[in-house]
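Asker: Have a look at this fold, sequence not included:
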């Protein structure tokens with residue numbers, strides 16, 4: 001282009017000063033402006049992160065987070081807890097409206113329910129809905145988790161289930177309710193709500209297997225193994241001895257697993273880990289200075 005201009009348009013050839021092009025760094029180093037639209041997108045992403053990762057709302061006022069945002073987006077003003085609370089409430093409202101529309105298009109649904117107690121000894125009941133949408137895809141959604149301070153009688157549970165399903169417009173669409181084997185929730189569905197009551201298969205299997213574990217020979221072995229694992233979980237001296245034995249015997253650096261009574265497969269995990277660490281755990285239990293706990297640990301090893 002410069003040769004053409006010199007040959008055909010000599011009088012119009014730009015001077016060196018005019019022809020100089022801006023350096024690429026003049027564009028790449030220019031700070032990006034955080035306008036209202038971008039600020040709204042960032043706020044929406046932070047709201048979604050708090051909800052998805054179940055973070056406390058005070059997270060937005062943490063010093064580390066504020067330093068991060070100041071470096072990533074200096075012009076962005078991080079909202080306070082009050083603003084984030086409103087954003088979360090708006091997000092809930094939007095999601096609830098979407099779920100209402102989705103449930104209005106289906107003819108049949110099933111629900112699952114269970115009661116549980118928080119660490120603060122507060123009682124809650126959770127209800128989950130399951131259905132197949134128009135695209136023949138299985139969908140699940142938690143309808144509510146509500147506090148239930150009153151007694152968990154069949155009548156009270158039935159009223160809670162009726163109120164929840166009615167508020168979501170699916171009272172007449174529920175074909176079955178899956179729950180544990182508690183008599184109160186079974187009676188609530190069969191007698192008060194007049195619908196199919198379906199005990200949870202996994203919970204039924206759990207109860208059957210727990211009965212099998214009550215056999216004396218099995219109970220004796222499981223209890224001894226559990227005491228051995230418990231000893232390592234409660235003694236820092238024993239834990240350090242186990243770590244040293246793992247190094248000496250080139251064993252994997254794995255912690256022993258304690259079984260949970262409500263998860264029958266955790267017994268398998270406990271014995272599988274003990275089998276892997278059998279020499280390390282036995283050597284550590286017999287060789288560490290356990291104080292008053294030592295004899296219990298030694299008895300568990302011998303058993």
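Answerer: Looks like it came in fine. Predicted, not measured: the structure shown is a model, and the values here were computed from it. Residues are numbered from 1 along each chain as shown.
Asker: Where does pLDDT dip in the stretch 201-303 of the chain?
Answerer: 287-303 (pLDDT under 70).
Asker: try 50 this time
Answerer: 289-298, 300-301 (pLDDT under 50).
Asker: the longest helix in the chain is where?
Answerer: helix 81-104 (DSSP state H).
Asker: Counting neighbours, which bits of that one end up buried?
Answerer: 84, 87, 99, 103 (16 or more other C-beta atoms under 10 Å). C-betas here are computed from N, CA, C, even on glycine.
Asker: can you give me the helices in the chain?
Answerer: 2-8, 16-19, 25-28, 36-52, 63-72, 81-104, 154-167, 183-187, 201-213, 216-234, 236-248, 265-276, 278-287, 294-302.
Asker: With distance to residue 130 added, can I get those in TSV?
Answerer: Shown next, in TSV, are the helices of the chain (distance: least, C-beta to C-beta, whole Å):
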stretch	distance to residue 130
helix 2-8	71
helix 16-19	70
helix 25-28	51
helix 36-52	21
helix 63-72	37
helix 81-104	11
helix 154-167	13
helix 183-187	17
helix 201-213	14
helix 216-234	35
helix 236-248	43
helix 265-276	24
helix 278-287	43
helix 294-302	44
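Asker: Of all those, which one is nearest residue 110?
Answerer: helix 154-167 (11.0 Å; C-beta to C-beta).
Asker: Which strands and helices lie in contact with the closest one?
Answerer: Counting contacts by 3 or more C-beta pairs under 8 Å, 6 or more residues apart in numbering; DSSP states H and E, helix 154-167 packs against strand 109-117, strand 123-132, strand 138-147, helix 183-187.
Asker: model confidence over the longest helix of the chain, on average?
Answerer: Here helix 81-104 scores 94 as its mean pLDDT.
Asker: sorry, back to before: nearest to residue 141, of the helices of the chain?
Answerer: Between the helices of the chain, helix 81-104 lies closest to residue 141; by C-beta to C-beta that is 5.5 Å.
Asker: Just list what the closest one packs against, helices and strands only.
Answerer: Counting by 3+ C-beta pairs under 8 Å, 6+ apart, helix 81-104 packs on helix 36-52.
Asker: now the helix it packs on against helix 63-72, angle please.
Answerer: 150 degrees (axes from the mean of the first three to the mean of the last three C-alpha atoms, to 10 degrees).
Asker: For helix 36-52, what is the distance to the chain centroid?
Answerer: 21 Å (C-alpha atoms, centre = their mean, to the nearest Å).
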